[in-house]
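Q: Build the 3D model from these lines:
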Amino acid sequence: MSITRVDVSPDLENASVYVSVLGEAETKTATMQALTHAAPFLRRHLIERVRIRRVPALHFHLDETIEEAARVLDLMRKVSEGKERG
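A: All right, here's what the predicted structure looks like:
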C-alpha cells in the first residue's frame, strides 16, 4: 500500500487520502475496509503529532492510476516488440 495523494479541504474538515494497493481485488477491498475502519484511530494519532488548527477527518479512496499506467506501458512494449518482428 502506498499513499499517492492527499487533498485537504480549505476548511481543514476533510482529507481525501488516495491509496494505491497492488494485488487482487480481494486484497484491495480488504485494505480499503481496514483503512476506513482505522480512520478515527489514525486521526487521533495525527492530532497528537501534528500541530495545526484542525486535523481533518480522513476519507480513503482507492487510486489505481499506477496499475493503469503499468498496463499501458506493457501494451506499448508489446506493440513495439510486434513492430520489431514484423
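Q: for Ala38, what are its contacts?
A: Residues near Ala38 by CB atoms under 8 Å, 6 or more residues apart in numbering: none. Heads up, the C-betas are built off the backbone N, CA and C, glycines and all.
Q: now it: how far from Arg54?
A: From Ala38 across to Arg54, the span is 20 Å (CB to CB, to the nearest Å).
Q: So what touches the lowest-mean-pLDDT helix or strand in the chain?
A: Lowest by mean pLDDT, DSSP states H and E among the helices and strands of the chain is helix 65-85, with a mean of 85. With contact meaning CB under 8 Å, 6+ apart, helix 65-85 is reached by Ser2, Thr4, Ser20, Leu22.
Q: ok, Lys83 to Val72 distance?
A: 17 Å.
Q: In three-state terms, label the residue positioned nearest the centre of the chain for me.
A: With distances taken as CA atoms, centre = their mean, Val19 lies nearest the centre of the chain, 1.1 Å away. For Val19, the assignment made with DSSP: H, G, I helix; E, B strand; the rest coil gives strand.
Q: That one bridge partners, please.
A: Partner residues in beta bridges with Val19, using DSSP bridges, are Ile3, Leu62.
Q: I'd like to know how far it sits from Thr4.
A: Here Val19 is placed at a distance of 7 Å from Thr4 (CB to CB).
Q: Common neighbours of these two, please.
A: Asp63.
Q: so where's the chain shaky on pLDDT?
A: 86 (pLDDT under 70).
Q: Now Leu12: phi and psi?
A: phi 60, psi 20 (degrees, to the nearest 10).
Q: tell me the contacts of it?
A: Leu12 neighbours (CB under 8 Å, 6+ apart): Ile52, Arg53, Arg54, Val55, Pro56.
Q: could you dump those to JSON lines with secondary structure, distance to Glu26 and neighbour count?
A: Output for those, formatted as JSON lines (DSSP: H, G, I helix; E, B strand; the rest coil; distance: CB to CB, whole Å; neighbours: other CB atoms under 10 Å):
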{"residue": "Ile52", "secondary structure": "coil", "distance to Glu26": "36", "neighbour count": "10"}
{"residue": "Arg53", "secondary structure": "coil", "distance to Glu26": "39", "neighbour count": "6"}
{"residue": "Arg54", "secondary structure": "coil", "distance to Glu26": "36", "neighbour count": "10"}
{"residue": "Val55", "secondary structure": "coil", "distance to Glu26": "32", "neighbour count": "19"}
{"residue": "Pro56", "secondary structure": "coil", "distance to Glu26": "29", "neighbour count": "19"}
